[in-house]
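In: This is the structure alone, sequence omitted:
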Ligand SMILES: Cc1ncc(COP(=O)(O)O)c(C=O)c1O
Ligand code: FES
């Protein structure tokens, strides 16, 4: 049976058109874009075209606002370290409890090594940011606010433009990790207060190991990698030209498919979500139903282990993901679901289905046919499960 891939927030398939666009840059067009001879010049021109394609997707106003990086992680690290170095008389960072580890681990490290004081803003049970706590954390000591545009686990979207405006009132730099948002929701940076934005190729049907950091013209910036003069001295190292060309093509395709993402992909997601909620007792959606990525569905199945569900799904040829960290050797459920105060017995049974334009109706049908049986089997074995309605009424949730 054809495998069903519903883990697009982890990574996406490289679009065949992206592969075709990249291929010549491994062979005939192998020149170094910095070289003046013809081998280099044509590659340099292609890199410039790719920058324009990204610019169109992000709605940026100026050339040279985009710095190619090795991915989302490098873009996030660059933005954070750049801000601290650019504003040496400020040493505070404001972020949230639900950021990706690419931001959180660095913030924790900066805190541990005494290089910054970090405010981790909480969220409510739907994953919405605590605006009052955010306002209270802002001051003229804050060098950087770094908040994600959309959450990779739940798809919850933060009101990023408004949050950026508030940061500006205190003279702080504003960075957003938009790795999950770019290509899925419209973005227009030209009139926004956002100073820096991270994106990653492999989340939008480009290859892994390529990404970009947008830096608004005039915003203070210090490079992470120093060396050659590539990227106008803002990111040294010979450019990964095939991947850059691929990222440009992927950006062009993402823009062309944007309305499909909001309509067909969203309709598939909604049918999947509605179908699961209807067929399976004691489950609920994690995240903000009103402000959410169109492709993401995170459902908590109470009184079972997410790991168990994934194992059965894998056997049925369906790829999804669990928000729990137990797959990486820890018994802690996801930091995102914990920050949302999702009861322990639900957080552990949470599964993320993330779709893309590659998915079709049959994929959703397969999940809807498969999941009820899996849940029945696992719940029959669960020490917490005492039967449908009984389970809900008699069980006292344990908060993680
Ligand atoms: C929100 C978010 N930020 C950053 C990253 C890291 O991006 P990359 O894998 O390109 O380093 C990811 C990918 O998992 C992500 O989902
Ligand atoms: S899902 Fe495995 S320990 Fe919670």
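Out: Structure received. Computed from a prediction, not measured in an experiment: that's the story for all the values here. Ligands and ions are numbered 1, 2, ... in the order given.
In: Stretch 165-182 - what's its average pLDDT?
Out: For stretch 165-182, the mean per-residue pLDDT is 98.
In: swap that for stretch 56-70, sorry
Out: Per-residue pLDDT over stretch 56-70 has a mean of 94.
In: Quote the end-to-end distance of that stretch.
Out: Stretch 56-70 has its terminal residues 21 Å apart, counting by C-alpha to C-alpha, to the nearest Å.
In: who's in contact with residue 222?
Out: 81-82, 85-86 (C-beta atoms under 8 Å, 6 or more residues apart in numbering). Using the backbone N, CA and C atoms, a C-beta is placed for each residue, glycine as well.
In: out of those residues, what pair is the most spread apart?
Out: Farthest apart among the contacts of residue 222 by C-beta to C-beta are 81 and 86. That separation is 9.5 Å.
In: between the contacts of residue 222, which is nearest ligand 2?
Out: residue 81 (33.8 Å; C-beta to the nearest ligand atom).
In: Specify the local secondary structure of the closest one.
Out: Here residue 81 is recorded as helix under DSSP: H, G, I helix; E, B strand; the rest coil.
In: Residue 176 belongs to a helix?
Out: No. According to three-state DSSP, residue 176 belongs to no helix; its state is strand.
In: That one: how many residues sit nearby?
Out: 29 (other C-beta atoms under 10 Å).
In: Offset the numbering so it begins at 555, please.
Out: Okay, residue one is now 555; in that scheme the one you just asked about reads as residue 730.
In: so it makes contact with residue 711?
Out: No. Between residue 730 and residue 711 there is no contact under C-beta atoms under 8 Å: 11.0 Å.
In: any residues in contact with both of those two?
Out: residue 703.
In: Please tell me how far residue 858 sits from residue 918.
Out: Between residue 858 and residue 918 the distance is 21 Å, computed by C-beta to C-beta, to the nearest Å.
In: do the same with residue 713
Out: Residue 713 sits 30 Å away from residue 918, going by C-beta to C-beta.
In: before we move on, what about residue 935?
Out: Distance from residue 935 to residue 918, by C-beta to C-beta: 27 Å.
In: neighbour-wise, which of the two wins?
Out: Neighbours per residue, other C-beta under 10 Å: of residue 935 and residue 918, the larger number sits with residue 918, 23 against 10.
In: Show me what counts as buried in stretch 763-776.
Out: Neighbour counts over stretch 763-776 (16 or more other C-beta atoms under 10 Å) mark 764-770, 773, 775 as buried.
In: What is the most widely separated pair among those?
Out: 764 and 773 (22.4 Å).
In: All the helices of the stretch 705-854 of the chain, in order from the start?
Out: Using DSSP state H, counting those that start in this stretch, the helices found in the stretch 705-854 of the chain span residues 714-722, 795-814, 820-833.
In: right, and these - which one's nearest residue 602?
Out: Closest approach to residue 602 among the helices of the stretch 705-854 of the chain (C-beta to C-beta): helix 795-814, 9.4 Å.
In: Give me the spatial nearest neighbour of residue 684, chain neighbours excluded.
Out: Spatially, and ignoring its direct neighbours in sequence, residue 684 is nearest to residue 676 (4.9 Å; C-beta to C-beta, 6 or more residues apart in numbering).
In: With residue 803 instead?
Out: Per C-beta to C-beta, 6+ apart, closest to residue 803 is residue 575, 4.0 Å.
In: and the closest residue to ligand 2 within the stretch 705-854 of the chain, how many residues sit next to it?
Out: Per C-beta to the nearest ligand atom, residue 854 is where the stretch 705-854 of the chain lies closest to ligand 2, at 11.1 Å. Per other C-beta under 10 Å, the neighbour tally for residue 854 reads 23.
In: With residue 783 instead?
Out: Neighbourhood size, residue 783 [other C-beta under 10 Å]: 9.
In: same thing with residue 668?
Out: Residues near residue 668, counting by other C-beta under 10 Å: 8.
In: any idea which helix or strand carries it?
Out: Under the criterion DSSP states H and E, no helix or strand holds residue 668.
In: Quick check, pLDDT for it.
Out: Checking the pLDDT column for residue 668, the value is 97.
In: May I have the phi/psi pair for it?
Out: The phi/psi pair for residue 668 (degrees, to the nearest 10) reads phi 70, psi 20.
In: which regions of this protein sit below the pLDDT cut-off?
Out: Within the chain, the stretches with pLDDT under 70 are 877-885, 942-954.
In: show me where it has strands.
Out: Secondary structure of the chain (DSSP state E): strands at 558-559, 620-623, 646-650, 671-675, 696-702, 727-731, 750-754, 765-769, 837-839, 850-855, 872-873, 875-876, 904-908.
In: Out of those strands, flag the one nearest residue 793.
Out: Comparing the strands of the chain by C-beta to C-beta, strand 620-623 comes nearest, at 6.2 Å.
In: Point out the other elements, helices or strands, that that closest one touches.
Out: Contacts defined by 3 or more C-beta pairs under 8 Å, 6 or more residues apart in numbering; DSSP states H and E place strand 620-623 against helix 592-612, helix 626-640, strand 765-769.
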